[in-house]
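Okay, structure incoming, though there's no sequence with it:
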């Protein structure tokens, strides 16, 4: 069954959410896992694509926007459509504000939570959704 981890940021800036997505993608990549980062929009996908090149000096995470040919596909993909590539199934980093329909095909789902009131409420609803369906849940409170 899918494991769901909630990473709770102490602040409410969109930049912090994006940086957290990058750090989690880097960690998964170092563990040789395939990652799909699900963004809320095309613009968010492109911002994450740019940020993965620059978020930390010395970091290298092979990545691309979803839609690249399977033969050229790096271990980290970023997209915002309703369906990720069918061969990505290890880690889903949900940088959107709703639960994607395809979350159950992944071994692990990572939910990003910040302190912006509307997004915090959405995160609580996602937590309740997963809990009511019996998913293994873990919470990680991050510090500044």
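Perfect, I can see it now. None of these values were measured; they are calculated from a predicted model. Numbering: from 1, shown residues only.

Now do the contacts for the residue nearest to residue 66 when sequence neighbours are not counted.
Closest residue to residue 66 apart from its sequence neighbours, by CB to CB, 6 or more residues apart in numbering: residue 79 at 3.2 Å. All C-beta atoms are positioned from the backbone trio N, CA, C, and that covers glycine. Taking CB atoms under 8 Å, 6 or more residues apart in numbering as the contact definition, residue 79 lies against 36, 37, 38, 39, 45, 65, 66, 67.

Ranking by neighbours, what's the top pick from those?
Per-residue neighbour counts (other CB atoms under 10 Å) across the contacts of residue 79 peak at residue 37, which has 31 neighbours.

Spell out the secondary structure type for that residue.
strand (DSSP: H, G, I helix; E, B strand; the rest coil).

Quickly note the distance from it to residue 122.
For residue 37, the distance to residue 122 (CB to CB, to the nearest Å) stands at 18 Å.

in this protein, which residue is closest to the centre?
What sits nearest the mean C-alpha location of the chain, by CA atoms, centre = their mean, is residue 93, with 1.6 Å.

for the chain, what spans make up the strands?
For the chain, strands defined by DSSP state E occupy the ranges 3-8, 35-38, 63-65, 76-79, 91-94, 108-113, 136-141.

Figure out how far the fourth one is from the centre of its chain.
Going by CA atoms, centre = their mean, to the nearest Å, the spacing between the C-alpha centre of strand 76-79 and its chain's C-alpha centre is 9 Å.
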